[in-house]
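[1] Sharing a model that was predicted from the sequence below.
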Amino acid sequence: MTIRKTTVPLPPPPIPLPRGEGVRCGTTPPPLAGGGWGEGLRRPNRLALAALALLAGCEVGPDYERPSAPVPDRFKEADGWKPAEPKEAASDAPWWSVYDDKVLDGLEKKIDISNQRRQASEAAWRQAVALADQAQAGLFPTLGVTASATRSGGGARSGGGGSTELASTGGGTSSHGLNQFQAGASASWDLDIWGKIRRTIENATAAAQASEADLAAARLSAQATLATDYFELRVADEQEKLLDETIKAYERSTTITLNQYKAGVAAKSDVITAETQLESAQSQRIALGVSRATLEHAIAVLDGATPAEVSIAVATLTGDIPVAPAGVPSTLLERRPDIAEAERKMEAANAEIGVAIAAYYPDLTLSGSYGYSGSKIGSLFQASNALWSFGGTLAETVIDFGAREAQVAANRAAWDQSVATYRQTVLAAFQQTEDELATLRILEQQAAVEEKTVASANLAVQLALNEYKAGTVSYTTVVTAQATALSEAQSLLAIRQNRLVASVTLIQALGGGWSADKITTK
């Protein structure tokens with residue numbers, strides 16, 4: 001049913017409205033969740049809503065319009081750059097599927113089941129939905145029923161029939177008791193003439209939507225943190241593999257120097273230097289166990305398990321660095337849950353202004369009751385025992401010494417704060433996206449150069465060993481070449497780690513495939 005807006009002449013409010021907020025009548029109550037609007041919130045009967053709109057169809061306070069936010073026409077850091085491995089998850093697949101890692105996939109799926117922070121956010125969302133349900137109930141009358149039965153006595157009965165009056169007579173007292181039965185129903189209805197309840201529903205619904213967006217942000221954050229920890233763990237595996245190979249190479253070098261020393265063509269210091277270098281590499285290899293264990297424990301906790309329950313076998317680090325396309329900057333406003341949360345909080349703050357302004361107008365409450373009262377339960381529901389009442393209460397605050405004006409001012413300040421927070425959230429989102437685009441672009445270039453550096457360093461080690469065997473260079477040349485090769489190989493691993501982490505962060509910055517359309521209570 002469509003309700004046409006009409007302008008109804010109203011008497012001026014008893015107290016001037018702050019800053020000229022208008023009064024709108026014949027407006028339909030704000031849409032509520034349910035029936036396609038989301039889980040948890042119920043949609044009342046449309047005919048009932050239409051009747052409410054006609055009977056209580058005026059609203060005070062500003063109608064919500066999303067404020068503008070700074071949105072660039074393009075991503076500056078994406079200009080002229082084509083990622084080496086551009087990839088985006090399929091529409092029906094989770095975002096981490098772009099890495100094609102079954103172990104990561106299994107770990108990520110446990111986030112929604114066991115992660116305690118995610119569970120806390122989900123509980124907060126359910127609480128917000130329940131509060132929206134509670135606010136929605138305020139649109140309808142409150143109905144109640146009562147029933148009572150009493151028996152009393154102690155004095156002589158002064159009247160007959162079902163009278164409940166007791167009296168004492170000069171001749172003594174009577175022990176006869178009196179019965180009294182009552183049954184009835186009552187109703188009260190706070191007519192939402194000025195839209196206070198509907199603005200409260202608008203506030204509660206927007207708060208529930210913000211809570212749902214916060215839940216999505218918490219889930220995405222946990223997923224991204226797990227992916228980052230996982231790739232850092234895999235980098236630790238690669239570092240262990242690199243040091244294992246380095247230790248074997250250093251053992252061969254030590255054997256060469258020892259043979260050279262026994263043959264009398266090398267000094268004892270060469271043997272000691274080779275052994276020192278070998279032991280240093282072995283120490284580094286052992287130390288890696290700390291970081292790997294710590295990362296494994298962090299992953300376990302993210303999955304809601306104790307560290308003792310999770311063990312991740314050593315595996316090879318992925319060679320591909322998939323980069324999600326950034327798309328059009330304006331879509332970022334709908335793709336990030338933190339932006340959606342900030343935007344929903346603005347509407348909630350806007351509705352609070354209307355609630356405060358409605359306090360300038362009188363409240364009208366209708367109430368009524370109907371029931372029966374008698375001394376015999378068998379004849380209780382006869383017309384002669386019927387009791388009824390109906391009436392209304394009009395309440396208006398005449399003098400409050402500026403309390404309402406201060407409340408409106410406070411709510412307006414809260415609105416201004418929410419707008420600033422929203423715009424700052426948008427700016428931070430574009431900064432994070434640009435940061436990760438720049439990081440990926442520059443690291444891709446650095447990786448290409450570093451790969452050549454590693455190849456050259458390994459060749460230098462081989463040449464230095466050959467020249468040392470020929471006696472043309474000192475062992476210091478070999479040690480220097482080997483240390484350089486190890487350092488460059490570790491630098492290349494660090495670049496791969498940073499690129500993987502940046503790709504995860506970019507996907508997170510782009511919303512992880514999430515969309516504001518997924519807010520089920522919107």
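    Sure thing, it's come through. Numbering: from 1, shown residues only.
[2] Could you give the number of residues near K518?
    K518 has 14 neighbours, counted by other C-beta atoms under 10 Å. The C-beta positions use only the backbone N, C-alpha and C, and glycine is treated the same way.
[3] Look up how far A216 lies from it.
    Remark: distance between K518 and A216 (C-beta to C-beta, to the nearest Å) = 7 Å.
[4] go on, E347?
    For E347, the distance to A216 - C-beta to C-beta - is 17 Å.
[5] if I pick Q180, what's in contact with it?
    148-152, 162, 164, 373-375 (C-beta atoms under 8 Å, 6 or more residues apart in numbering).
[6] And it, its phi and psi?
    phi -140, psi 120 (degrees, to the nearest 10).
[7] Distance of it relative to S389?
    Taken as C-beta to C-beta, the span from Q180 to S389 is 19 Å.
[8] which element is the most centrally placed residue in the chain on?
    A centroid search over the chain (C-alpha atoms, centre = their mean) returns D214, at 1.7 Å, as the residue closest to the centre. D214 belongs to helix 196-262 when assigned by DSSP states H and E.
[9] Averaged pLDDT, that helix. What do you get?
    Summarised as a single mean, pLDDT over helix 196-262 is 94.
[10] quick check: mean pLDDT across the next helix or strand after it?
    Proceeding N to C from helix 196-262, the next assigned helix or strand is helix 268-302, under DSSP H and E. The average pLDDT for helix 268-302 rounds to 95.
[11] Please compute how far helix 268-302 lies from its chain's middle.
    Centroid separation between helix 268-302 and its chain, computed with C-alpha atoms, centre = their mean, to the nearest Å, is 39 Å.
[12] Give me the buried stretch members for it, please.
    270-271, 273-275, 277-278, 281-282, 284-285, 288, 292, 295-302 (16 or more other C-beta atoms under 10 Å).
[13] Least confident secondary structure element in this protein?
    strand 166-167 (a mean of 40; mean pLDDT, DSSP states H and E).
[14] Please list the residues outside stretch 413-431 that contact it.
    By C-beta under 8 Å, 6+ apart, stretch 413-431 touches 67, 69-72, 329, 332-333, 336, 338-339, 342-343, 345-346, 348-350, 352-353, 509.
[15] Just to be sure, which of the residues you listed are found in helices?
    332-333, 338-339, 342-343, 345-346, 348-350, 352-353, 509 (DSSP state H).
[16] And these, which is closest to Y261?
    A509 (57.6 Å; C-beta to C-beta).
[17] Wait, that closest one touches E436, no?
    Yes - judged on C-beta atoms under 8 Å, A509 makes contact with E436 at a distance of 5.7 Å.
[18] Would you map the strands across this protein?
    23-24, 59-60, 142-152, 156-157, 166-167, 178-191, 363-374, 386-395 (DSSP state E).
[19] ok, back up a step: what about burial for the contacts of stretch 413-431, which qualify?
    Looks like those have 69, 329, 332-333, 336, 338-339, 342-343, 345-346, 348-350, 352-353, 509 buried, using 16+ other C-beta under 10 Å.
[20] Show me which residues of stretch 468-481 are buried.
    Quick answer for stretch 468-481 (16+ other C-beta under 10 Å): 468, 473-475, 477-479, 481.
[21] List of residues touching it?
    253, 256-257, 260, 265-266, 270, 273-274, 277, 457, 460-461, 463-465, 467.
[22] Buried ones from those residues, can you make that a ChimeraX selection?
    Remark: buried members of those, expressed as a ChimeraX selection using 16+ other C-beta under 10 Å:
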select :253,256,257,260,266,270,273,274,277,457,460,461,464,465
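[23] re the thing from before, just how off-centre is the helix holding D214 within its chain?
    21 Å.
[24] what's that helix packed up against?
    Identification of packing neighbours for helix 196-262 by 3 or more C-beta pairs under 8 Å, 6 or more residues apart in numbering; DSSP states H and E yields helix 102-109, helix 111-114, helix 116-137, helix 268-302, helix 337-358, helix 403-470, helix 475-509.
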